[in-house]
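Asks: coords below, sequence missing:
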């Protein structure tokens with residue numbers, strides 16, 4: 001299959017071997033997606049994360065048009081978590097350093113209340129990860145995650161067809 005090439009009066013589309021879509025200096029955003037992952041110390045960083053999400057929507061809309069804006073936010077519901085700075089370990093203790101499951105509901109609630117309204121779609125992906133070898137990972141509720149994500153994709157596809165006929 002040949003790469004998709006379109007040129008603009010002031011910019012040449014560039015193709016790269018192995019890629020099917022050319023790139024250039026001009027972008028027309030139709031779907032913009034911003035992703036954040038909250039794993040530990042969620043409440044401490046929640047205002048920055050919400051601000052980053054909302055500012056990214058503003059960035060998507062800066063160039064004009066009507067981009068569909070999608071937010072994906074991972075929220076950790078693990079019983080414990082350890083972060084690392086060089087050789088130093090920072091495990092949660094449930095008191096001074098809250099475990100993820102202790103902060104996750106509030107973090108999710110704030111994201112939905114303050115960031116979600118800026119997006120056309122915002123999906124919270126609830127997971128459990130400890131960041132401790134062998135680095136287990138699981139969805140907090142796989143069936144719910146699959147249903148919510150599938151529904152988002154259907155709504156996104158329908159919205160795209162309406163907005164970009």
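Replies: Arrived safely, thanks for sending. No experiment lies behind these values; they were computed from the predicted model shown.
Asks: how is the residue nearest in space to the middle of the chain assigned, secondary-structure-wise?
Replies: What sits nearest the mean C-alpha location of the chain, by C-alpha atoms, centre = their mean, is residue 35, with 1.8 Å. Following DSSP: H, G, I helix; E, B strand; the rest coil, residue 35 is assigned to strand.
Asks: and it, how far from residue 52?
Replies: Using C-beta to C-beta, to the nearest Å, residue 35 is found at 10 Å from residue 52. For the C-beta atoms, the positions are set from N, CA and C on the backbone; glycine is no exception.
Asks: again with residue 77
Replies: For residue 77, the distance to residue 52 equals 21 Å [C-beta to C-beta].
Asks: same check, this time on residue 124
Replies: Applying C-beta to C-beta to residue 124 and residue 52 gives a distance of 16 Å.
Asks: of the two, which one has the most company?
Replies: For residue 124 and residue 52, the more surrounded residue by other C-beta atoms under 10 Å is residue 124, and the numbers stand at 21 against 13.
Asks: that one bridge partners, please.
Replies: The partner list for residue 124 in beta bridges (DSSP bridges) reads residue 73.
Asks: I figured it hits residue 112, correct?
Replies: Yes - Residue 124 is within contact range of residue 112, at 7.1 Å (criterion: C-beta atoms under 8 Å).
Asks: give the residue spans of this structure that score low on pLDDT.
Replies: Low-confidence segments of the chain (pLDDT under 70): 1-11, 23-27.
Asks: was I right about the residue nearest to the centre of the chain contacting residue 53?
Replies: No - Residue 35 is not in contact with residue 53 according to C-beta under 8 Å; the separation is 9.4 Å.
Asks: identify the contacts common to these two.
Replies: The overlap between the contact sets of residue 35 and residue 53 (C-beta atoms under 8 Å, 6 or more residues apart in numbering) consists of 71, 73.
Asks: what segments of this protein are helices?
Replies: For the chain, helices defined by DSSP state H occupy the ranges 42-62, 100-110, 142-163.
Asks: among those helices, which is nearest residue 117?
Replies: Each of the helices of the chain has some distance to residue 117 by C-beta to C-beta; the shortest is helix 42-62, at 8.9 Å.
Asks: in that closest one, what's buried?
Replies: 42, 46, 49, 50, 53, 54, 56, 57, 60 (16 or more other C-beta atoms under 10 Å).
Asks: just stretch 65-76 next, same as before
Replies: Buried positions in stretch 65-76, judged by neighbour count with 16+ other C-beta under 10 Å: 67, 68, 69, 70, 71, 72, 73, 75, 76.
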